[in-house]
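# Test case, fold it:
(one chain, ligands or ions: 1)
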Amino acid sequence: MFIIGELINGMYANISRAIKAKDKAIIQKIALLQLDNGADALDVNCGPASVDPVNDMRWLVESIREVTDVELAIDSSKPKVIASGIEAAKRGTIINSVSADIEKMDALVPLAVKSGSKLIALAMSAKGIPGNKEQRLELAALIVTECDGKGFDLSRLYIDPVVLPVNVAQVQIKEILDSIGDFKILSAPPPKTIVGLSNISQGSSGRSLINRTFLAMALSAGLDAAILDPTDKELMDSLITAETLLNRRIYCDSYLDTYKKKGKNAPKKFSQA
Ligand code: THG
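Here you go, the predicted structure:
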């Protein structure tokens, strides 16, 4: 599975403080920590409290680019902020995200084509988050049609069913898992699938257990990528174990040690997934 580290997000108090103080060292340390723990790419989000997100995004990306060439998921609901992050990163970029709204897709799909970025698209629209899997599939179909029509390579499209917290939307969790399989029927090559994993446990206690249990279920449903906390060791062990049980990795008695990414700041190359 393609792992995007979630920790550089202004939602976290330490990151929010570092952005305000323009403290590069904290950002760079958390970037490298996530790579050392198995992240293939890093999410970059300046958070809801930023008063100047265009410049904060540029500063975050430039700070990270001083220490790594790894892929960066430029995470904002504002196209202007995404454009600023893409420009600063130069290459190895993922647009996170576009919603299933024509004006958003008109702005961001051509940017993805032009910049050679991968694209994460949310199965939600300005009308809100869908209430069931049929609505999610309908929005995903619109996304695939628009991306294909605009010349975007569908093997680089990641559709996100939009994970809701179990404490507010328990009846939807099974539907969200079903959507991961449903999206695969939309095109050939099929779109890839992604979730923001930690959404599932927001506001709950025992978050790590909820996260890793949902991840194992989502992997079984065919999930290709996730934005998650790679420093959560039990989560990463569950991920490797689930992938081994699903025959996505070769089993051996020491499979956990074998597959834990060691070495300083792996990966060195852009990941293919
Ligand atoms: N899909 C896509 N992108 C996303 C999301 C998604 N980006 C953002 C988010 N969701 C994924 N990243 C996070 C990062 C942090 C948390 C949840 C998801 C989180 N933060 C703590 C909280 O809110 O309780 C912050 C508090 C703290 O610990 O300091 O849970 O779904 N495409």
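
# Please determine how far the residue most central in space within the chain is located from residue 3.
Nearest to the geometric centre of the chain sits residue 227, at 3.7 Å (C-alpha atoms, centre = their mean). Separation of residue 227 from residue 3 (C-beta to C-beta, to the nearest Å): 8 Å. C-betas here are computed from N, CA, C, even on glycine.

# contacting residues around whatever residue of the chain ends up closest to the ligand?
Across the chain, the shortest distance to the ligand (C-beta to the nearest ligand atom) belongs to residue 196, at 2.1 Å. By C-beta atoms under 8 Å, 6 or more residues apart in numbering, the residues touching residue 196 are 6, 160, 163, 226, 227.

# Please repeat the previous calculation with a cut-off of 6 Å.
Applying C-beta atoms under 6 Å, 6 or more residues apart in numbering to residue 196 gives the contacts 163, 227.

# quick one, what contacts the residue nearest to the centre of the chain?
Applying C-beta under 6 Å, 6+ apart, we find residue 227 in contact with 4, 6, 43, 196.

# Try it again at 10 Å.
2-6, 9, 39, 41-43, 45, 73, 75, 96, 120, 160, 163, 194-199 (C-beta atoms under 10 Å, 6 or more residues apart in numbering).

# repeat for residue 197
3-4, 6, 163, 210-212, 214-215, 218, 223, 226-229, 232, 235, 239.

# Skipping its backbone neighbours, what lies nearest it in space?
Among residues not flanking residue 197 along the chain, residue 228 sits closest, at 4.2 Å (C-beta to C-beta, 6 or more residues apart in numbering).

# what's the answer for residue 69, then?
residue 92 (6.3 Å).

# tell me which strands and helices the helix or strand of the chain with the lowest mean pLDDT is in contact with?
Sorting the helices and strands of the chain by mean pLDDT, DSSP states H and E puts helix 255-259 at the bottom, at a mean of 93. The contact analysis (3 or more C-beta pairs under 10 Å, 6 or more residues apart in numbering; DSSP states H and E) places helix 255-259 against helix 233-245.
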